[in-house]
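after the sequence you'll find the predicted model.
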Number of protein chains: 2
Amino acid sequence: MSGENCLAGLKILDLTQFEAGPSCTEALAWMGADVVKIENPKVGDPGRSVGGKGAKDAFYFLQYNSNKRSVTVNLKDPRGLELVKDLAKTADVMIENFAPGAIERLGLGFDVIKAINPAIIYCQVKGFGTGSPFEKNLAFDMIAQACGGLMSITGEEDGPPCKPGATIGDTGTGMLMAISILGAYVRRLRTGQGEHLQVAMQDSILHYIRNAFTVMERTDGKAAPRAGSKTVGGGNPPIGVYPCKGGGPNDYVYIYTSAANPEHWTRLLKVMGREDLIGDPRFATPAARTEHRNEVDRIVSEWTIQHDKCTAMELVGSATIPAGAVLDTLELANDPTFRERGIRQTMKHPVVGDYVMSGWPVRFGGRTPEVKPAPLLGEHGEQVLSEWLHYDASRIADLKNSEVVG
Amino acid sequence: MSGENCLAGLKILDLTQFEAGPSCTEALAWMGADVVKIENPKVGDPGRSVGGKGAKDAFYFLQYNSNKRSVTVNLKDPRGLELVKDLAKTADVMIENFAPGAIERLGLGFDVIKAINPAIIYCQVKGFGTGSPFEKNLAFDMIAQACGGLMSITGEEDGPPCKPGATIGDTGTGMLMAISILGAYVRRLRTGQGEHLQVAMQDSILHYIRNAFTVMERTDGKAAPRAGSKTVGGGNPPIGVYPCKGGGPNDYVYIYTSAANPEHWTRLLKVMGREDLIGDPRFATPAARTEHRNEVDRIVSEWTIQHDKCTAMELVGSATIPAGAVLDTLELANDPTFRERGIRQTMKHPVVGDYVMSGWPVRFGGRTPEVKPAPLLGEHGEQVLSEWLHYDASRIADLKNSEVVG
């Protein structure tokens, strides 16, 4: 049992770039789909140079395009366009995330492709949805996070909006599209029906911040606020990050006590050696602790600061109170258990060399799917033209000589 | 064409609670899967009372459980356990997200269920993965965000770690499991093969912060820092939120200029009426603007503060520079275009009444799947026992009288 052969035979014609689209098709590639990237012969997916253009593909590109193949096609040449249509005729899924209107201007819009292949699952990832007042606007991850409400609820209570470090606008959207593609594909296997899927990054953000909307509904319709490290609704004190020994930027432990479980507070007092406060009316109930929130935070901090974050996590966690050290990317990268468990894997790239990256974190029969190299630009032109279209060597040579394919 | 019938016939036995599991099965329910929640007869999914226990189900519960059915089963009664096994025998998917070890103690672990139904897709969502040093620890969304690196890269540059307002630890994990379930299901349709899927919330966070790892690799292996509203790598100035007229907590506009597109800065100067600065060596290149970052931010702020955030977004966006107003949950809730486009929908709940919530944001043939009510506790016991197990009325009555089912 393993995940790599789940989607064997699923052909995906992938015209996406950067992250929202590529993260989607990569998830499907990890489960065995045959993902063929169509790229511009000159520079390819602009993601290849995110973080600085060198001679080698950027780490950014590697991590969103593992397990895929690449074909470069000159879409300005009519034969290039014809070639992509031939590929679309045999594909199960076609997906793009160009700027608004671009795919239609290329002559590869939904109506064109549907006429060629009525059973295709044609997918579009955009910044803003059709019918949105901003539907013609450009969007990147951070724009979606701003316009989708997420930045309004991230940051310190009295500070400006922050951008979460995770790319929910991009990868978050890509995941929703991947689910929808597989849903449509299951039906297609049964009925042969094609589908036109569209998702907007702004709309996707709304899916990930639903708790904030419930908080708004519960608080007389006031916009959900920022709450620092607490939950959007403020939560039950103590909750949030508390400073630990070391004093570094991430020397903090998260402690979460639940209003639904009154034992959490009592147990925490015992862990902290503050049995003297058990039953103290200032702290005896969630309401009392909320009223004396600053005092509660001070008491907890006085204890946490005496311990390093991992010890604090262990001591609090052992009392079955949810607790977590604030781990940084370096600590995670240096923890060998992620590699042992296949959560982080080494991509063996022919040009870049070894690159350790996070792969698909879901285990199939105890094992995560294997990370294979991201393709070099145009690496698989001959292979794909031969396998998908059964072109012979002389036809492929002709297309290469005419610079229709790279 | 629409999404509601994609997964018709897919039977999911759902023992999940709160958000990570329920968000996963809800996505599948929206696409037509028959999701049957098994709940404790007394209080059910504890999510039913998140945000304060009243007589009615919490909004929190409604929004993660729409389009599902509910059966209450007393798992302490051997006949209740037998009943769940009978349901597992006929289900395609079984999923749980109890505390570590709990499902095994219940007698419904993978080995037991696999023996009953070798073709089942058995799914587990946990806080920490098997083999992790924390595998026995409890985890909630915020613990996963702390231990998965996301909080270390969220917040002000010189401030403490912040928790993003989105529940990436919960819903973010649920989405990865949903993709994996459908991948395994596609293979099962072809080969009949079952699968054991496991995902940990901490591991899932790593999937959503991959950019931070590349930033770390590019910067001599230093842990990725917090960057306020900028991208994790710092980005090309100007980038981030700039204050707008009004002075409210969310009166900001996000402006993103790209290092890859030198025109962005020049165009922005024109929008701001600062043609005098075009070619100024202090700002002429990304490197120069990074050196004079504070000065760049001051110049941009002096202009943005004169406009409300929507006007600023429009003016900057019209010059094809990515820009986005920081919208809050109230502004989003009040924007009728989300309801017109089916991104937000009204759940007509028999007890709570009308509740407007965010549904599945992906459109199938131009339309999002329809949001149907979340089930009342135990609402569908008779229905499911009759449909899935073909129990007759007297057998069902007997189980109800013995309080095995609710």
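Structure's in. What do you need? Keep in mind it's a predicted model, so treat the numbers as computed, not measured.

contacts and neighbour counts: CA atoms only from here.
Fine.

list the buried residues in the host helix or strand of A:A88.
Here A:A88 is covered by helix A:78-90, with elements defined by DSSP states H and E. Buried residues in helix A:78-90, defined by neighbour count with 16 or more other C-alpha atoms under 10 Å in any protein chain shown: A:79-81, A:83-90.

ok, stretch A:295-303 next?
Of the residues in stretch A:295-303, those with enough neighbours to count as buried (16+ other C-alpha under 10 Å) are A:296-297, A:300-301, A:303.

before we move on, what about stretch A:219-239?
Neighbour counts using 16+ other C-alpha under 10 Å place A:223-239 of stretch A:219-239 among the buried residues.

what residues does it touch?
Applying C-alpha atoms under 8 Å, 6 or more residues apart in numbering or on different chains, the external contacts of stretch A:219-239 come out as A:152-158, A:161, A:211-213, A:215-216, A:240-241, A:254-259, A:265, A:286, A:289-290, A:293, A:296-297, A:300, B:142, B:155, B:161-165, B:328-331.

and A:N65, how many neighbours does it have?
The burial metric for A:N65, expressed as a neighbour count using other C-alpha atoms under 10 Å in any protein chain shown, is 31.

what residues does it make contact with?
A:22-23, A:26, A:373-375 are the contacts of A:N65 under C-alpha under 8 Å, 6+ apart.

ChimeraX command for the buried members of those?
Selection of the buried residues among the contacts of A:N65 in ChimeraX, burial being defined by 16+ other C-alpha under 10 Å:
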select /A:22,23,26,373,374,375
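
show me the shaky parts of chain A.
For chain A, applying pLDDT under 70 flags the ranges A:1, A:53.

and if we set it to 80?
Per-residue confidence for chain A (pLDDT under 80) gives these ranges: A:1-2, A:52-54, A:260.

and it, what are its domains?
In terms of domains, chain A is parsed into A:11-207+A:337-401, A:239-243+A:252-325 (source: automatic domain parsing).

pick the most buried one from these.
The densest packing among the domains of chain A, expressed as mean neighbour count by mean count of other C-alpha atoms under 10 Å in any protein chain shown, is seen in domain A:11-207+A:337-401 with a mean of 22.

give me the most central residue, chain A.
A:T171 (2.7 Å; C-alpha atoms, centre = their mean).

how about the strands in the stretch 1-150 of chain A?
Counting by DSSP state E, counting those that start in this stretch, one finds strands in the stretch 1-150 of chain A at the ranges A:11-15, A:34-39, A:69-72, A:93-96, A:121-126.

next one: the stretch 301-406 of chain A
Using DSSP E, counting those that start in this stretch, the strands of the stretch 301-406 of chain A run over residues A:323-325, A:344-349, A:353-358, A:363-364.

adding distance to B:D203 as columns, could you present these in JSON lines?
As requested, these are arranged in JSON lines below (distance: least, C-alpha to C-alpha, whole Å):
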{"stretch": "strand A:323-325", "distance to B:D203": "14"}
{"stretch": "strand A:344-349", "distance to B:D203": "9"}
{"stretch": "strand A:353-358", "distance to B:D203": "9"}
{"stretch": "strand A:363-364", "distance to B:D203": "11"}
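
using a markdown table, lay out those strands together with distance to chain B.
Putting the strands of the stretch 301-406 of chain A into a markdown table (distance: least, C-alpha to the nearest C-alpha, whole Å) gives the following:
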| stretch | distance to chain B |
| --- | --- |
| strand A:323-325 | 5 |
| strand A:344-349 | 9 |
| strand A:353-358 | 6 |
| strand A:363-364 | 5 |
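
closest one to B:Q124 among those strands?
Of all the strands of the stretch 301-406 of chain A, the one in closest proximity to B:Q124, counting by C-alpha to C-alpha, is strand A:363-364 (9.8 Å).

that closest one packs against which elements?
Based on contacts counted as 3 or more C-alpha pairs under 8 Å, 6 or more residues apart in numbering or on different chains; DSSP states H and E, the elements that strand A:363-364 packs against are strand B:195-200.

what about the longest helix seen in chain A, distance to the chain center?
When every helix of chain A is counted residue by residue (DSSP state H), the longest turns out to be helix A:173-191. Relative to the chain's own centre, helix A:173-191 is displaced by 17 Å; criterion: C-alpha atoms, centre = their mean, to the nearest Å.

residues in contact with it?
For helix A:173-191, contacts defined as C-alpha under 8 Å, 6+ apart pick out A:19-25, A:27-28, A:93, A:119, A:121, A:123, A:125, A:193-195, A:197-201, A:204-205, B:3, B:5-8, B:28, B:31, B:175-176, B:178-179, B:182-183, B:186, B:362.

if we can go back for a sec, closest to B:Y60 out of the strands of the stretch 301-406 of chain A?
Comparison of these against B:Y60 by C-alpha to C-alpha identifies strand A:323-325 as nearest, at 22.8 Å.

so in that sheet, which strands flank the closest one, and in what orientation?
strand A:252-256 (antiparallel) (DSSP bridges).

other SSEs contacting the next helix or strand after the partner strand?
If you walk from strand A:252-256 toward the C-terminus, the next helix or strand you reach (DSSP H and E) is helix A:263-271. The contact analysis (3+ C-alpha pairs under 8 Å, 6+ apart) places helix A:263-271 against helix A:309-318.

near chain B, anything from the helix it packs on?
Yes - using C-alpha under 8 Å from any C-alpha of the partner chain, helix A:309-318 comes into contact with chain B via A:317-318.

any idea of the angle that helix forms with strand A:252-256?
Helix A:309-318 and strand A:252-256 meet at an angle of 10 degrees, taking axes from the mean of the first three to the mean of the last three C-alpha atoms, to 10 degrees as the criterion.

from the chain's centroid, how far away is helix A:309-318?
Averaging C-alpha coordinates over helix A:309-318 and over its chain gives two centres that are 29 Å apart (C-alpha atoms, centre = their mean).

again, but for stretch A:339-349
Using C-alpha atoms, centre = their mean, we find the averaged C-alpha position of stretch A:339-349 to lie 18 Å away from the chain's own average C-alpha position.

same deal with stretch A:57-66?
For stretch A:57-66, the distance to the chain centre is 14 Å (C-alpha atoms, centre = their mean).

now stretch A:52-63
19 Å.

just the residues contacting that stretch, thanks.
A:18, A:47-51, A:351-352, A:355, A:357-358, A:373-374, A:376, B:210-211, B:214.

secondary structure class for the spatially most distant residue from the centre of chain A?
Taking C-alpha atoms, centre = their mean as the measure, the residue most remote from the mean C-alpha position of chain A is A:D276, 46.2 Å away. When classified by DSSP: H, G, I helix; E, B strand; the rest coil, A:D276 comes out as helix.

residue contacts, A:I38?
Going by C-alpha under 8 Å, 6+ apart, A:I38 touches A:13-15, A:70-73.

could I get the residues you listed as JSON lines with distance to chain B?
As requested, those are arranged in JSON lines below (distance: C-alpha to the nearest C-alpha, whole Å):
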{"residue": "A:L13", "distance to chain B": "18"}
{"residue": "A:D14", "distance to chain B": "18"}
{"residue": "A:L15", "distance to chain B": "19"}
{"residue": "A:S70", "distance to chain B": "22"}
{"residue": "A:V71", "distance to chain B": "23"}
{"residue": "A:T72", "distance to chain B": "21"}
{"residue": "A:V73", "distance to chain B": "22"}
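
how many other residues sit next to A:L330?
What A:L330 shows, counting by other C-alpha under 10 Å, is a neighbour count of 17.

show me what contacts it?
Going by C-alpha under 8 Å, 6+ apart, A:L330 touches B:216, B:221-224.
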